[in-house]
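What shape does this take:
(2 chains)
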Amino acid sequence: DTGVSQDPRHKITKRGQNVTFRCDPISEHNRLYWYRQTLGQGPEFLTYFQNEAQLEKSRLLSDRFSAERPKGSFSTLEIQRTEQGDSAMYLCASSLGAGGPDTGELFFGEGSRLTVL
Amino acid sequence: AQTVTQSQPEMSVQEAETVTLSCTYDTSENNYYLFWYKQPPSRQMILVIRQEAYKQQNATENRFSVNFQKAAKSFSLKISDSQLGDTAMYFCAFNLNFGNEKLTFGTGTRLTIIP
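Now for the predicted structure:
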């Protein structure tokens, strides 16, 4: 499978715990995105990377959230001191980015569903 | 800020019929992309069709076509000869095309194809 993969697919945690999600993009893709999707809503942009550089962060990304893409390949999204409001589907997506055709198309993973009790 | 509105939370149609999903958006920019993404139950979101704002011709992809009305800021999706596999959430999305894929999504339309 050469698509975007995310791990874990489901995570249940207690309020106050830390959680980390991993995303492996399509191998030749330079850009990697994190989105959050809550029930009944469309995905909302959180942050994105061009290779290892984090180029933009949404105001939705509070100080408890941190994302990394250390070698320009996989990425991690960590949420510290989770709150019930963090319960959502966290979607990762990738694109060819600079150097590829500018189609605007994103390729999504299946998401990591977080439930905070 | 750009906004995308999908006013139909749910729709259903008989198999083989045609269905149209509505989307409106708001922007002051002239150059942008519009997309329809499909999210099947428990599956990843996939691109159905895309439209560049500078193109007057409506995009088509097999059974899927759009009606792009730039002045009205409307971007509807028509699915012809609907199939059971078309059952999914459909999201309209907007991108300003400023060198990234930071998409703004609507709230989605849940489409059910009835056998």
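
is it fair to say B:G85 lies in a helix?
Yes - counting by DSSP: H, G, I helix; E, B strand; the rest coil, one finds B:G85 located in a helix.

Give the full set of residues in contact with it.
B:40, B:113 (Cβ atoms under 8 Å, 6 or more residues apart in numbering or on different chains). Where you see a C-beta, it was placed from the backbone N, CA and C, and this is true even at glycine.

On the pLDDT front, check it for me.
Residue-level confidence at B:G85 comes out at 95, pLDDT.

Please report how far it lies from A:P25.
Using Cβ to Cβ, to the nearest Å, B:G85 is found at 26 Å from A:P25.

Then B:P40?
Taken as Cβ to Cβ, the span from B:P40 to A:P25 is 21 Å.

Same drill for those two, tell me which one is more crowded.
A:P25 (26 against 13; other Cβ atoms under 10 Å in any protein chain shown).

For the more buried one, give its distance to B:Q44.
Between A:P25 and B:Q44 the distance is 13 Å, computed by Cβ to Cβ.

cool, B:Y25 as well?
Going from B:Y25 to B:Q44 by Cβ to Cβ gives 24 Å.

And the strands in the chain?
By default, I'm working from chain A. For chain A, the strands defined by DSSP state E cover A:5-7, A:10-13, A:19-24, A:31-37, A:44-50, A:53-57, A:65-68, A:75-79, A:88-95, A:107-108, A:112-116.

ah, no, chain B please
Here chain B has its strands, by DSSP E, at B:3-5, B:10-14, B:19-21, B:24-26, B:33-39, B:46-52, B:60-61, B:64-69, B:74-79, B:88-95, B:104-105, B:109-114.

got CSV for these, with mean neighbour count too?
Formatted as CSV, the strands of chain B follow (neighbours: other Cβ atoms under 10 Å in any protein chain shown):
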stretch, mean neighbour count
strand B:3-5, 16
strand B:10-14, 12
strand B:19-21, 19
strand B:24-26, 16
strand B:33-39, 24
strand B:46-52, 18
strand B:60-61, 12
strand B:64-69, 18
strand B:74-79, 20
strand B:88-95, 24
strand B:104-105, 21
strand B:109-114, 17
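
how many neighbours does B:A16 have?
With other Cβ under 10 Å as criterion, B:A16 counts 11.
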